[in-house]
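In: Whatever this is, show me its structure:
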Amino acid sequence: MSGEPLVVGVLYVLPGFDNELVVRRLGDCPRPVELVVATYEESHALRTAKGQGAPEAELRALAPDMSDEARDMFARAEVVLTLDVPLDVRQVAPNLRWIQALGAGIAQFNPKRLREDGIILSTAAGVTAVPIAEFVMGRILEVWKGTRRLEQLQQARTWEFASGRTLAGCTIGIVGLGAIGRAIAERAGAFGMRVLATRRRYEPGMTSPAVDELYGPDGLGKLLESSDVVVLALPETGETQGLIGPAELNLMKPGAVFCNVARGSLVDEAALLAALYSGQVGAAILDVMKEEPMSADNPLWDGKNMYLSPHSSTSVDHYSEDLAQLLASNLLRYSRGEPLINLVDPDLGY
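Out: Sure, this is the predicted structure:
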């Protein structure tokens, strides 16, 4: 290897993340790589405020103090693997050229502002696709097979037949056919379900091997009307915030299941609660909410036929290893001047 060292800051240390695995994967990297571990982590409240475009004064009031270790790392780094970057990232990190995000959601980074600062951004989309898809299918089975009722009967020592519903032959509609959406589609198809999906980057005639019918964003209404289960798996952008409101919920089949593993900002939660109590929506599976963590008095806790989880659809058993593999692959691409995996288009927001 030759050339200037490539300083890579690892700013959010995950359990099991293996720096050595990254280094081993860089055997033929054109530049020597130096991994520098530090810590910089913002609160969920600040990330949410950034994603919603809150005033700068509000953001600065929520900003954490930066340790000397993190400040020194930012001063040297050309690349960072992180969940957060400070508001004045260009001033703090004069050499920074690329941010590898830890997750698929990147609203807190403000990609257009990064572009103005000459910084590119890539996501970890796909790293969590399989566990999230497994979670979605598990929750659908929980709803339609009535496992809550079975558990109640067991606890009451009551021998009472309780029948569930068959997935095969039913229709699932996936809003957002990215890595997570495709993984859900593949597993739903294996259960014999008919799969519909929408995707932003759609051209007439486009198909997907995992999907029976594929639409552009303007096909959302048709998907809602046709689906027994609707799953949101699309990015949070200015265009997708508030995507599902009263009108969209009323388009759904009466009694259909609604599932959101995207972001809470995409859904009008008050309208969803009303649809649950009216029976228009049969059950709601929510792994993401507008308020995270949820306060004890949030009405979602007690929603009728509500299946809540605290942003837990992913699994951590392979996350660190897969993230290290992705970072290594992208470092090789970056060093060779090749296109990065999951490079964000600032105009699209993902």
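In: make it CA atoms for all contacts and neighbour counts henceforth
Out: Will do.
In: Wasn't residue 285 part of a strand?
Out: Yes: per DSSP: H, G, I helix; E, B strand; the rest coil, residue 285 lies within a strand segment.
In: wait, isn't it in contact with residue 308?
Out: Yes: assessed by Cα atoms under 8 Å, residue 285 is found in contact with residue 308 at 6.1 Å.
In: ok, those two, which is more surrounded?
Out: Ranked by neighbour count (other Cα atoms under 10 Å), residue 285 and residue 308 place residue 285 first, with 21 against 18.
In: contacting residues for that one?
Out: Contacts for residue 285 (Cα atoms under 8 Å, 6 or more residues apart in numbering) come out as 139, 257, 258, 259, 260, 306, 307, 308.
In: 7 Å - rerun?
Out: Residues in contact with residue 285 (Cα atoms under 7 Å, 6 or more residues apart in numbering) are 258, 259, 260, 306, 307, 308.
In: In those residues, which residue is surrounded by the most others?
Out: residue 258 (25 neighbours).
In: so where does residue 173 fall, helix or strand?
Out: For residue 173, the element it lies in under DSSP states H and E is strand 171-175.
In: who does that strand pair up with?
Out: strand 194-198 (parallel), strand 229-232 (parallel) (DSSP bridges).
In: Can you give the contact residues for the shortest one?
Out: Counting by Cα under 7 Å, 6+ apart, the neighbours of strand 229-232 from elsewhere in the structure are 171-176, 224, 256-262.
In: follow-up on the earlier one: ok, which of the strands paired with strand 171-175 comes nearest residue 130?
Out: Among these, strand 229-232 comes nearest to residue 130, with 15.0 Å by Cα to Cα.
In: for the record, mean pLDDT for the closest one?
Out: Regarding strand 229-232, the rounded mean pLDDT is 98.
In: I'd like the distance from that strand to the chain centre, please.
Out: Here strand 229-232 is found 15 Å from its chain centre; the criterion is Cα atoms, centre = their mean, to the nearest Å.
In: Equivalent analysis for stretch 59-70, please.
Out: Offset of stretch 59-70 from its chain centre (Cα atoms, centre = their mean): 25 Å.
In: repeat for stretch 242-249
Out: 20 Å.
In: Would you mind measuring the gap between the ends of it?
Out: Stretch 242-249 has its terminal residues 12 Å apart, counting by Cα to Cα, to the nearest Å.
In: got it, and stretch 72-87?
Out: Using Cα to Cα, the end-to-end distance of stretch 72-87 comes to 16 Å.
In: In that stretch, which residues are buried?
Out: Buried residues in stretch 72-87, counting neighbours by 16 or more other Cα atoms under 10 Å, are found at 73-86.
In: same check, this time on stretch 295-306
Out: Under the neighbour-count criterion of 16+ other Cα under 10 Å, stretch 295-306 has 300, 303, 304, 305, 306 buried.
In: Could you list which of those belong to strands?
Out: In strands, judged by DSSP state E, the following of the buried residues of stretch 295-306 are found: residue 306.
In: if we take the buried residues of stretch 295-306, which one ends up nearest to residue 112?
Out: For the buried residues of stretch 295-306, the nearest to residue 112 is residue 300 (33.6 Å; Cα to Cα).
In: For residue 332, give its distance to residue 32.
Out: Separation of residue 332 from residue 32 (Cα to Cα): 11 Å.
In: Need the contact partners of the longest helix belonging to the chain.
Out: For the chain, the longest helix by residue count, based on DSSP state H, is helix 319-336. Here helix 319-336 makes contact (Cα under 7 Å, 6+ apart) with 14, 16-18, 21-22, 25-26, 29-31, 127, 339-341.
In: now it, how far from the centre of its chain.
Out: Worked out by Cα atoms, centre = their mean, helix 319-336 lies 19 Å from the chain centre.
In: buried ones in that helix?
Out: For helix 319-336, the neighbour count (16+ other Cα under 10 Å) marks 319-334 as buried.
In: got it, and stretch 141-150?
Out: Buried residues in stretch 141-150 (16+ other Cα under 10 Å): 141, 143, 145, 147, 150.
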